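>>> Next one to model:
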Amino acid sequence: MTTPAATPLAQWREAAHVCLARGDLQQAGALFRQVLEEAPDDVEALQVLGAAQLAAGDFSIAAQTLRHVLSQAPDLFVERLRLGLALEQLGQSHAALTAYFGALRTAQNQGRWLNDDTTAPALREAVKHAIGYVDTGRIEGFHRILEALQHRHGASELQRVQHCLEAYLGQRAAEITDPRQRPKFLYFPGIPNRPYYPRERFPWQDALEAATAWIREELHGVLAQAQSLEAFLGPPPPGQASMLDSTGPQPAAWDAYFFQRHGQRYAAHAQACPRTAALLDSLPLTRIRDHAPETLFSVLSPGTHILPHTGVTNVRLVTHLPLIVPPDCALRVGGQTHVWQEGRCVTFDDTFEHEAWNRSAETRVVLILDSWNPALTEIERVALTELVEAIGDFNAAGEP
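Numbers count the residues shown, from 1 in each chain. All right, here's what the predicted structure looks like:
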């Protein structure tokens, strides 16, 4: 029985691999170009061709090829790095910055390029160059935004914002004075470090508390259709434990009915609970494009324990309006335990380590919303809104 003859495609690929093995990148690229004539989206062929074009100094065509391969396989961080190199040579500094940032972020999310040991020797210099380029570009870009804000509002009015940005960029220490406070994203200096905030700082909570009864009525309609709820948390990242534990016989569950999440409105939920949604719309919540507010019915199943964790920033605070609170349910922030009282708001800084539990046999529900820290001035809120949106835009540009 005879072996079928290899197809031209297979022959070109085999010959290209021979060229790669002897270090002839240009000839391998030429052979893979023939592969692409038959299979224009072939990822391996695009990878090698892009590397060959970059090495030959054909930066414009290399950028086109590398963008093509990344449209097929966005997680290829080496190709993102090569795209950054090509764009930098073409003088497209902002595009190079986002390409480099995307390369670093993608690689590090996969446990690569964290140090020399996790970086291939042939790539170390290029990776270090990308890190330096990103560090410099981020600092210059965000300081340009700050300078424009200072021009509009005055540098003295934005001194705390400047210190906040410099701490975010690693240019100064964050100066966190309470070890219980560990913000994951942004720390704002010069405002009170306290786990709970006094009720009188939020006069708008009067209207919220007065509406408890009819908010609860709309909640009961939601709970009657359990399929409308969704898990508040997704699966934990590889290697990380769940944030939930069970103290009872049934699995832990923390569900949510969102009115807004990351600033995005859930129109169907607002229509189903029109009075609650209208009231939330009237409150002075934190409003930052693609970030805030976050408003929801938070549903904690019997026996569920939300384990200790910390939030992202102290520029906004979290308020709970308790709606259904069985016995043996509580919130602990910064080591201080608070027992929810139905119809009575509690506001806390979630950058302090906090946890919550429902050790009863019934469901616990609170309405959650977020608002600006009242220690911020109006000008600081305006500046923080613009800066956080810019940070979000920059991060999104580097995503696969």
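>>> right, and Phe202 touches Asn373 too?
No. With contact defined as CB atoms under 8 Å, Phe202 does not reach Asn373; the gap is 10.8 Å. All C-beta atoms are positioned from the backbone trio N, CA, C, and that covers glycine.
>>> With neighbour numbers in mind, choose between those two.
For Phe202 versus Asn373, neighbours defined as other CB atoms under 10 Å are more numerous around Asn373 (21 against 18).
>>> State the number of residues packed around the closest residue in space to Ser246 that isn't next to it in sequence.
Of all residues beyond its chain neighbours, the one nearest Ser246 is Ala252 (4.1 Å), with distances taken as CB to CB, 6 or more residues apart in numbering. Neighbour count for Ala252, taken as other CB under 10 Å: 21.
>>> what secondary structure does Ala252 sit in?
Under DSSP: H, G, I helix; E, B strand; the rest coil, Ala252 falls in the coil class.
>>> Let me see the ranges of the helices in the stretch 301-400 of the chain.
378-397 (DSSP state H, counting those that start in this stretch).
>>> again, but for the chain
Using DSSP state H, the helices of the chain run over 8-21, 25-38, 43-55, 59-72, 77-89, 93-109, 124-153, 159-168, 205-210, 212-223, 267-272, 274-282, 378-397.
>>> tell me the most buried of those helices?
Greatest average neighbour count among those goes to helix 77-89 (a mean of 24), per mean count of other CB atoms under 10 Å.
>>> can you give me the mean pLDDT across that helix?
Mean pLDDT, helix 77-89: 97.
>>> how about the CA coordinates for that helix, as PDB?
Coordinates of each C-alpha in helix 77-89 appear next as PDB, following Å, rounded to 0.1, in the frame of the first residue of the first chain:
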ATOM      1  CA  PHE A  77       1.500  38.100  23.400                       C
ATOM      2  CA  VAL A  78       4.700  37.700  21.400                       C
ATOM      3  CA  GLU A  79       2.900  39.000  18.300                       C
ATOM      4  CA  ARG A  80       1.500  41.900  20.400                       C
ATOM      5  CA  LEU A  81       5.000  42.700  21.400                       C
ATOM      6  CA  ARG A  82       6.200  42.600  17.700                       C
ATOM      7  CA  LEU A  83       3.200  44.800  16.700                       C
ATOM      8  CA  GLY A  84       4.400  47.300  19.300                       C
ATOM      9  CA  LEU A  85       7.900  47.300  17.900                       C
ATOM     10  CA  ALA A  86       6.600  47.800  14.300                       C
ATOM     11  CA  LEU A  87       4.300  50.700  15.400                       C
ATOM     12  CA  GLU A  88       7.000  52.400  17.400                       C
ATOM     13  CA  GLN A  89       9.300  52.300  14.300                       C
END
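>>> Can you tell me what sits against that helix?
For helix 77-89, contacts defined as CB atoms under 8 Å, 6 or more residues apart in numbering pick out 47, 50-51, 54, 57, 59-60, 62-63, 66-67, 69-70, 73, 95-97, 99-100, 102-104, 106-107, 110, 112-113, 123, 126-127, 130, 133.
>>> can you list the domains in this protein?
Using automatic domain parsing, the domain ranges for the chain come out as 8-136, 196-372.
>>> For Glu166, find the nearest of those.
domain 8-136 (13.3 Å; CB to CB).
>>> Pull up the distance across that closest one, start to finish.
From its first residue to its last, domain 8-136 covers 48 Å (CA to CA, to the nearest Å).
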